[in-house]
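[1] task: produce atomic coordinates for the following.
(4 chains)
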Protein chains: 2
Amino acid sequence: MDGQGGEKLLFLTDEQLRQGIEAMFFAYRGFTSDPDRILDQHGYGRAHHRALHFINRSPGTTVTNLLAILGVTKQSLNRVLRTLIADGLVEGRVGAQDRRERHLHLTAAGVALESQLSDAQQARMRQAYRQAGPEAVAGFRRVLEAMMEPEIRRQYARLAE
Amino acid sequence: MDGQGGEKLLFLTDEQLRQGIEAMFFAYRGFTSDPDRILDQHGYGRAHHRALHFINRSPGTTVTNLLAILGVTKQSLNRVLRTLIADGLVEGRVGAQDRRERHLHLTAAGVALESQLSDAQQARMRQAYRQAGPEAVAGFRRVLEAMMEPEIRRQYARLAE
DNA sequence: CTTGGAAAGTCAACAAGGCTGACATAAACT
DNA sequence: AGTTTATGTCAGCCTTGTTGACTTTCCAAG
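    Prediction:
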């Protein structure tokens, strides 16, 4: 089912794969460049952006949840979270049922910065989507999903619910 | 040409863009995970991989060329290049016409490691391409290209020649 | 033939953001 | 009462990015 089942798949030459790899590399740079500039002005880095993004996405999420999504150690995340809380962008509320948990929320200031970052990144994404067309977008999403680790893909799908 | 030319483009909701952003983030993690594991065993990092990749791609390229492609400072690149040369994976040949330039080449050992990294990354890419199908791949590429900085897109196109 | 400037390399210092390991505390569970 | 879980924190290390200053080499133009 592979030898000739891949009628159109014969085009998967070494060179094509290599170009796909390079496209990912260069595109990811573009993808992060706008938020990076904004973060820089505020003295933050990409790690802060990621935390803000996912707290905004799932308000009330716990630290453990966030660790699983971000795939970093708690020490690494804590360093970032500590500064965001100290700067009044994030709030950690003690859990109602389980009081060990901290439920993370953005403050008004946190929402403001997240929006600014999000707007910049979304603007580029929108431009790319428009330029490529709706069918390209569907393909883009399918390939990206197929590229994720299965475990991560599940979390990704859960977020999109 | 934009106001209503986007018949199908009305679907660009905030939520869709957000999912695209998350897909990029998670997919990039998958994209780098296999090479990362191999690099770790050799005591190298992603920066070494990038250097090996582009030297392999454009044998005889100069340090300045590489700097432009990688978008880092020469000090940063030099540190990586120095270890690769010391470890006998890369060779820097003095330029024939302009003897200030170093023309970079992989040694046999360099080619071996690059292949190992490349094979791992290509395997994932191939699997994702097959799973998503040829039309999705075309769309994937179009969106990625539209996401790059224009300057970078030109370099990307030049590489693909 | 001198001099300006480009290409390359090096040293030092610093920061972000990963990591490990060890340990503390509070709360929940058994 | 004892164990497990969630979180936080200290200390230290690594990679990989940065800036700034400086040197060496060497081409090319005056």
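[2] going forward, measure contacts between C-alpha atoms and count neighbours the same way
    Will do.
[3] nearest residue to the residue of chain A found nearest DNA strand C other than its sequence neighbours?
    Distances between chain A and DNA strand C by CA to the nearest atom of the strand are smallest at A:G45, namely 2.6 Å. Computed as CA to CA, 6 or more residues apart in numbering or on different chains, the closest residue to A:G45 that is not its neighbour in sequence is A:L39, at 5.8 Å.
[4] and that neighbour, what is it in contact with?
    A:L39 sits next to A:G45, A:R46, A:H49, A:L117 when contact means CA atoms under 8 Å, 6 or more residues apart in numbering or on different chains.
[5] can the longest helix along chain A be said to contact DNA strand C?
    Counting residues, the longest helix found in chain A (DSSP state H) is helix A:14-42. No. Helix A:14-42 is not in contact with DNA strand C by CA under 7 Å from any atom of the strand; minimum separation 8.4 Å.
[6] what's the average pLDDT for that helix?
    Over the span of helix A:14-42, the pLDDT mean works out to 96.
[7] can you tell me the element the one residue sitting closest to the centre of chain A falls in?
    Centroid-nearest residue in chain A, with CA atoms, centre = their mean: A:R50, separated by 6.3 Å. Secondary structure from DSSP states H and E places A:R50 in helix A:46-57.
[8] what packs against the very next helix or strand once past that helix?
    Once helix A:46-57 ends, the next helix or strand along the chain (criterion: DSSP H and E) is strand A:61-62. When contacts are defined as 3 or more CA pairs under 8 Å, 6 or more residues apart in numbering or on different chains; DSSP states H and E, strand A:61-62 packs onto strand A:102-106.
[9] so is the strand it packs on next to DNA strand C?
    No. Strand A:102-106 lies apart from DNA strand C when judged by CA under 7 Å from any atom of the strand; the minimum separation is 10.5 Å.
[10] check which residues of that strand are buried.
    A:R102, A:H103, A:L104, A:H105, A:L106 (16 or more other CA atoms under 10 Å in any protein chain shown).
[11] of those residues, closest to A:P59?
    Taking CA to CA as the measure, A:H105 is the one of those closest to A:P59, at 5.3 Å.
[12] what's near enough to touch the closest one?
    A:I55, A:N56, A:P59, A:G60, A:T61, A:V90, A:E91, A:G92, A:R93.
[13] relative to DNA strand D, how far out is the nearest residue to the residue nearest to the centre of chain A once chain neighbours are set aside?
    Distances taken as CA to CA, 6+ apart put A:L70 closest to A:R50, at 7.7 Å, once the chain neighbours are dropped. Distance, A:L70 to DNA strand D, by CA to the nearest atom of the strand, to the nearest Å: 13 Å.
[14] can you count the residues close to A:L70?
    18 (other CA atoms under 10 Å in any protein chain shown).
[15] which helices and strands does the lowest-mean-pLDDT helix or strand in chain A pack with?
    Every helix and strand in chain A was compared by mean pLDDT, DSSP states H and E; the lowest is helix A:150-160, with a mean of 90. Contacts defined by 3+ CA pairs under 8 Å, 6+ apart place helix A:150-160 against helix B:14-42.
[16] for chain A, what lies in contact range of DNA strand D?
    Along chain A, the residues adjacent to DNA strand D under the rule CA under 7 Å from any atom of the strand are A:62-65, A:74-75, A:78, A:82, A:92, A:100-103.
[17] repeat that with 6 Å
    A:T62, A:V63, A:T64, A:K74, A:Q75, A:N78, A:R82, A:R100, A:E101, A:R102 (CA under 6 Å from any atom of the strand).
[18] ok, the contacts of A:L39 vs B:P35, which is closest?
    For these, the residue nearest B:P35 by CA to CA is A:R46; the value is 21.8 Å.
[19] got a list of what that closest one touches?
    Contacts of A:R46 by CA under 8 Å, 6+ apart are A:D36, A:L39.
[20] same check, this time on A:H103
    So A:H103 contacts A:P59, A:G60, A:T61, A:T62, A:V63, A:G92, A:R93, A:V94, A:G95 (CA under 8 Å, 6+ apart).
[21] which element, helix or strand, includes A:F140?
    Using DSSP H and E, A:F140 sits within helix A:134-147.
[22] tell me the buried residues in that helix?
    Neighbour count says helix A:134-147 has A:134, A:136-147 buried, by 16+ other CA under 10 Å.
[23] quick revisit: which among the residues of chain A next to DNA strand D count as buried?
    A:T62, A:V63, A:E101, A:R102.
[24] right, and A:L84 touches A:V90 too?
    Yes. Judged on CA atoms under 8 Å, A:L84 makes contact with A:V90 at a distance of 5.6 Å.
[25] specify the local secondary structure of whichever residue of chain A sits closest to DNA strand D.
    Per CA to the nearest atom of the strand, A:T64 is where chain A lies closest to DNA strand D, at 3.2 Å. Taking DSSP: H, G, I helix; E, B strand; the rest coil as the rule, one finds A:T64 in the helix state.
[26] who touches it in this structure?
    Counting by CA under 8 Å, 6+ apart, A:T64 touches no other residue.
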